[in-house]
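1. Turn this into a model:
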Amino acid sequence: MALLFDKVALITGASRGVGYAAAKKLCEKFPGATIYLTTKNMEITPAINQNMRDDFAGSAEHCEYLHLDVTNTDNIAEIQELIKTRHETLDILINNAGTFLKPDTSSPEIYGQQATAIIGTNYWGLKNVMNG
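-> Numbers count the residues shown, from 1 in each chain. Model prediction:
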């Protein structure tokens, strides 16, 4: 188990749900690891990081929220550069970002736009992060 204590992890879609739970569990099990939680929809403030640290109790010393939109390759490059600057490598990627839209079948155009947005995040966005 000690093999993961000095590792660096990036979790996309970590503002809630499975991503947040995965980050919490990694922080608990490997307190020396650096965990980056990413979110597209939340403004990254000292308060959001403090709330996460409070929720993760004493295991969040090396945890930090970052803004990441997986559909934006420039944003992905910024995060990649940040990690390269701070660490030698990224060891763990939990590619959890995703979107769900309730289908709007009122018109083929709207339905098509929704499908494009979903595929853009849930498939292409995650692929963008891996290729980053």
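2. C-alpha from now on. contacts and neighbour counts both.
-> Fine.
3. helices and strands of this protein: which one bottoms out on pLDDT?
-> Across the helices and strands of the chain, the lowest-confidence element by mean pLDDT, DSSP states H and E is helix 46-55, at a mean of 81.
4. In that helix, which residues are buried?
-> If you call a residue buried by 16 or more other Cα atoms under 10 Å, then helix 46-55 has these buried ones: Asn49, Met52, Arg53.
5. Same check on stretch 120-131?
-> Applying 16+ other Cα under 10 Å to stretch 120-131 flags Gly120, Thr121, Asn122, Gly125, Leu126, Asn128, Val129 as buried.
6. now, which of these sits nearest Ile79?
-> Val129 (9.7 Å; Cα to Cα).
7. List the contacts of the closest one.
-> Val70, Ile76, Asn95 (Cα atoms under 8 Å, 6 or more residues apart in numbering).
8. if you set the cut-off to 6 Å instead, what comes out?
-> Val129 makes no contacts at all, as judged by Cα atoms under 6 Å, 6 or more residues apart in numbering.
9. Check Val8 too.
-> So Val8 contacts Ala33, Thr34, Leu90, Asp91 (Cα under 6 Å, 6+ apart).
10. Next, work out how far apart the first one and Thr45 are.
-> It stands for Ala33. According to Cα to Cα, to the nearest Å, Ala33 stands 22 Å off from Thr45.
11. So if I had to pick from the two, which one is more boxed in?
-> Using other Cα atoms under 10 Å, the more surrounded residue of Ala33 and Thr45 is Ala33, with 23 against 10.
12. just checking, that one touches Asp6?
-> Yes. Here Ala33 reaches Asp6: they are 4.8 Å apart, a contact under Cα atoms under 6 Å.
13. related to what we said a few turns ago, which helix or strand lies directly C-terminal to the least confident helix or strand of the chain?
-> Next in sequence after helix 46-55, counting helices and strands by DSSP states H and E, comes strand 63-67.
14. Now do whatever helix or strand comes next after that following strand and strand 63-67, the angle between them.
-> Using DSSP H and E, the helix or strand that follows strand 63-67 towards the C-terminus is helix 73-86. Computed with axes from the mean of the first three to the mean of the last three Cα atoms, to 10 degrees, the direction of helix 73-86 lies at 150 degrees from that of strand 63-67.
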